[in-house]
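In: what shape does this take:
(2 chains)
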Amino acid sequence: MEKEIELKQIILATDGESNVGADPIDVAKDIHNKGITISTIGIIDNNKSEKPLAEVHSIAEVGGGISEITNIENFSRTMEMVTQKSVYKTIEHAVNKELKEILGTELKDTPPQTRNQITELIDKYGEEVDLKCCVAIDCSGSMTNKINIAKNSVLNLLKVLKARKGRAEIAVIGYPGSNKIKPTILCPFTEKIEDLERGLQKIKTGGITPTGDALEWASRLLMEGNWEEDRIDSVTSEDNRDTEEGILESNII
Amino acid sequence: MIESIKDITGKWNKNRYKVIKKIGQGGTGVILKVKDENGCIKAIKISEDISSITREYNTLKRFNGLKGIVKAYELDDYIHNNKILYFFVMEFIEGKNLKEYMKRSRVKIKEILGIALIIIKMINEISNKGYIYTDIKLENILIDSKDNRIVFIDFGGVIEKEWGIREYTPAYNMISWGMKKNYNHNDGTVFAITMLVISMILKKEFNPLTDKLQEVYKELNRIDINIHIKKIVIRGLNLGYRDTSKFEKDIKDAIISIKHNDIIANDNRLKSFNLVNIVFFSSISIFILTLILGVSLT
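Out: Numbering: from 1, shown residues only, chains lettered A, B, ... in the order given. Next up is the predicted model:
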């Protein structure tokens, strides 16, 4: 558990099941073997009683991560929670492995009064470890009216992670890419809110749900840094949204 | 699964608790109302997550003795259907959380500001011990009707001062509202308390993913509240306070000014009452006079 360790994780956000391409469960298993944690968020509609997103749970299970189901209103909070929880889960797992090697016991076998020291250690690592997090967003047709909230949620995630002691980098890929199974890199790994904001504006919705392939590419991005050939760099028009500060004071009194 | 538990016996300490009912569900666990072997009513937080239960218990332990913080008693494991669950026992608080309180009763503005002052005081006490309470929200603050005090519950999100936030609620979180400024705990705390005050004044919680901050301002403009209070909450929302001390002072001043206004209002009422009296009595005397005149004329 050296401090230079960097935690790599994929956060998959989807509102449906994979319907084309590679089997996501098989892919997730392979990715997890490379030391990457996959966590998943299933987005459901409030008014529709959809069938539970079983695939979402299975992917996280074989991916060593956390899975949560949420409505789009709570998506932001859920994504942040899933990311943090999976960090702690990964560290806890590693600590437990060490404990087993050194002491022959796991955290749960030690008396509650002594657990404190170990959980404090987990906490400290969780706060200080560097994070590399690839968010894979389902941009298929059914996501159209949820995509704006999803965008803001990814931004909020980076803002929250930036307040940690350790470094945090986020990349975002959208799947499917333009008319292909291969996803689009919306934003390569960055620590900067501005980069992320610019990248997220490229999101377009429509098409199918090749979840397995999206995971595959997300892991390549995590391991190899980038894949250039598919990038669209034609973002020129930056939305100049006015911020709340300033104008509001005159608004009210 | 946890819902089906009727009895909890600790694996290590062997204490037994009879489950009365489920009283809450947090992000990390379920809260149960229980009775211990002596017949005392207590509360238990139980979960599959060993770290978060251990962490929260130890955090609570650190603050045991502070008036506004729920007391923690013991930490133990419980094996349910071959699965280990982790729990800690704490004091059961008889009362309503601020959300229920706000809905049920008419809360006066002076009372809301008073609650804000107590919250600031408690946040400062926690901060003096080197910790930050990040998940400020209506549901996490109880009014203890038995002991007449305000109590913070849910210490899962309490972190060391120099750490980043872990648990929060978007409605009270400056990041969720899209503030451009980088997050820091001082701004975050003042913002959260400001939002809490606004929620209580407007009897409504906002959602940053569907509402804009402008909506909040609009709604504040629509109602008739003291100008001092309006100024304070706007400054709070604009992250215009560097820390809680000036914020606290402004709230105190606002309370004093409300009291002052009350006195003036009472004075005016008294004066107008006198005026009415004068008019009333003089009109009667004129009436009687004309009567006398009339009689004498005929």
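
In: just say helix, strand or coil for residue A:13.
Out: What DSSP: H, G, I helix; E, B strand; the rest coil gives for residue A:13 is strand.

In: touching, residue B:164 and residue A:161? I think so.
Out: Yes. Using CB atoms under 8 Å, residue B:164 is in contact with residue A:161, at 7.2 Å. Heads up, the C-betas are built off the backbone N, CA and C, glycines and all.

In: residue contacts, the residue in chain B that chain A sits nearest to?
Out: Chain A sits closest to residue B:164 of chain B, with a gap of 3.4 Å, by CB to the nearest CB. Applying CB atoms under 8 Å, 6 or more residues apart in numbering or on different chains to residue B:164 gives the contacts A:127, A:160-165, B:183.

In: change it to 7 Å
Out: Contacts for residue B:164 (CB atoms under 7 Å, 6 or more residues apart in numbering or on different chains) come out as A:127, A:160, A:163-164.

In: just among those, which is most surrounded?
Out: residue A:160 (24 neighbours; other CB atoms under 10 Å in any protein chain shown).

In: enumerate the residues of chain B near chain A.
Out: B:12, B:27, B:50-51, B:54-55, B:58, B:75-77, B:84, B:162-166, B:170, B:175-176, B:180, B:183, B:207, B:209-210, B:213-214, B:217, B:220-221, B:230, B:234, B:238 (CB under 7 Å from any CB of the partner chain).

In: re earlier: what about the residue of chain B closest to chain A, which SS state?
Out: Per three-state DSSP, residue B:164 ends up coil.

In: for residue B:211, see how far away it is.
Out: Shown here: residue B:164 relative to residue B:211, a distance of 25 Å by CB to CB, to the nearest Å.

In: residue A:91 contacts residue A:128, doesn't it?
Out: No. Using CB atoms under 7 Å, residue A:91 is not in contact with residue A:128; the gap is 10.2 Å.

In: the two: who's more crowded?
Out: Taking neighbours as other CB under 10 Å, residue A:91 and residue A:128 compare with residue A:91 leading, 21 against 13.

In: next one: phi and psi at the residue of chain B closest to chain A?
Out: When read as degrees, to the nearest 10, the backbone of residue B:164 gives phi -80, psi 160.

In: which residues in chain A form helices?
Out: A:24-33, A:54-63, A:75-103, A:112-128, A:147-162, A:193-200, A:211-224, A:247-252 (DSSP state H).

In: the stretch 101-250 of chain B now?
Out: Secondary structure of the stretch 101-250 of chain B, counting by DSSP state H, counting those that start in this stretch: helices at B:109-128, B:185-202, B:213-222, B:227-237, B:244-297.

In: what's the burial count for residue B:147?
Out: That count, for residue B:147 with other CB under 10 Å as the rule, works out to 10.

In: likewise for residue A:110?
Out: Residue A:110 - counted by other CB under 10 Å - has 15 other residues nearby.

In: in the stretch 51-200 of chain A, where is pLDDT below threshold?
Out: Low-confidence segments of the stretch 51-200 of chain A, defined by pLDDT under 70: A:51-52, A:179.
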